[in-house]
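[1] Predicted coordinates and the sequence they were generated for:
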Amino acid sequence: MQKGQAEALFPLLEEVMAGVWSWSDVDAIGVGVGPGNFTGIRIAVSAARGLGLSLGIPVFGISTFEIVRGWPGGRKLISLPAPREQAYLQGFIGSEPAGGPRLIDPARPPADLRPSFGMEVCGYRATEIAKAFDANGYDTDTGPNPGLMAEMAEDKYLQSTAWPAAPAPLYARPPDAAPASDRPPVILP
């Protein structure tokens, strides 16, 4: 949707649950935290957090990097499509992120991203990125996978021993907007 996500979200949730579940059946919530559309991610995370608070249940954030990575294991550098022919990258060692997400040009990946020995590059333009480092790369689907996201959220819920921190949007690039360059108006006493 280009517009109206906030207005459409809760009626859509009610429609999905209608006749099958009630809100009291929900034990935990999983929400995609991005990277992705700035407004869409903010709406989804805010709605999930609000539902979690109102229902008294935990909310688990799942990044698109985690979904493309799949189930934890090995050493992977995950690549996702970004605006303007760029890519978002994040490394993983098992289930743990190895550093924060970065925005790069896949045709000219920075030298400091050289994957460590045995690390695979997976996702968007992965073979191109890996080739720059003489590493193994696999172009894989980076589209939505709600089934895997639900499984990962359930796994986090079942493995949790404490209430999780509230999820927050995962921003991998700086905002397009910049502060105004005009001088502010003079405030008269």
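    Great, that's in hand. Everything quoted here is computed from the prediction, not taken from an experiment.
[2] Could you check this protein and say which of its helices or strands has the lowest average pLDDT?
    strand 96-104 (a mean of 89; mean pLDDT, DSSP states H and E).
[3] contact partners of the next helix or strand after it?
    Using DSSP states H and E, the helix or strand that follows strand 96-104 in sequence is strand 120-123. Under the criterion CB atoms under 8 Å, 6 or more residues apart in numbering, residues 68-69, 74-80, 87, 115, 127, 129-130, 133, 135-140, 142 lie in contact with strand 120-123. All C-beta spots, glycine's among them, are computed from the backbone N, C-alpha and C.
[4] for strand 120-123, what is the average pLDDT?
    Per-residue pLDDT over strand 120-123 has a mean of 93.
[5] Can you mark which positions in the helix or strand just after that strand are buried?
    The helix or strand immediately downstream of strand 120-123 is helix 126-131, counting by DSSP H and E. Buried residues in helix 126-131, counted by 16 or more other CB atoms under 10 Å: 126, 128, 129, 130.
[6] Closest to residue 36 out of those?
    residue 126 (18.7 Å; CB to CB).
[7] With adjacent residues omitted, what lies nearest to that closest one?
    residue 137 (4.1 Å; CB to CB, 6 or more residues apart in numbering).
[8] Likewise for residue 148?
    With CB to CB, 6+ apart, the residue lying closest to residue 148 is residue 67, at 5.6 Å.
[9] Around residue 113, count how many other residues there are.
    16 (other CB atoms under 10 Å).
[10] who's in contact with it?
    Counting by CB under 8 Å, 6+ apart, residue 113 has contacts 77, 89, 102, 104, 133.
[11] For those residues, work out which two are farthest apart.
    Pairwise over the contacts of residue 113, using CB to CB, the maximum falls at 102 and 133, 14.6 Å.
[12] Quick one, which of the contacts of strand 120-123 are buried?
    Of the contacts of strand 120-123, these count as buried by 16+ other CB under 10 Å: 68-69, 76-80, 87, 115, 129-130, 133, 135, 137, 139-140, 142.
[13] thinking again about what came up before, out of the contacts of residue 113, who's nearest residue 63?
    Closest to residue 63, out of all of these and judged by CB to CB, is residue 89, at 12.4 Å.
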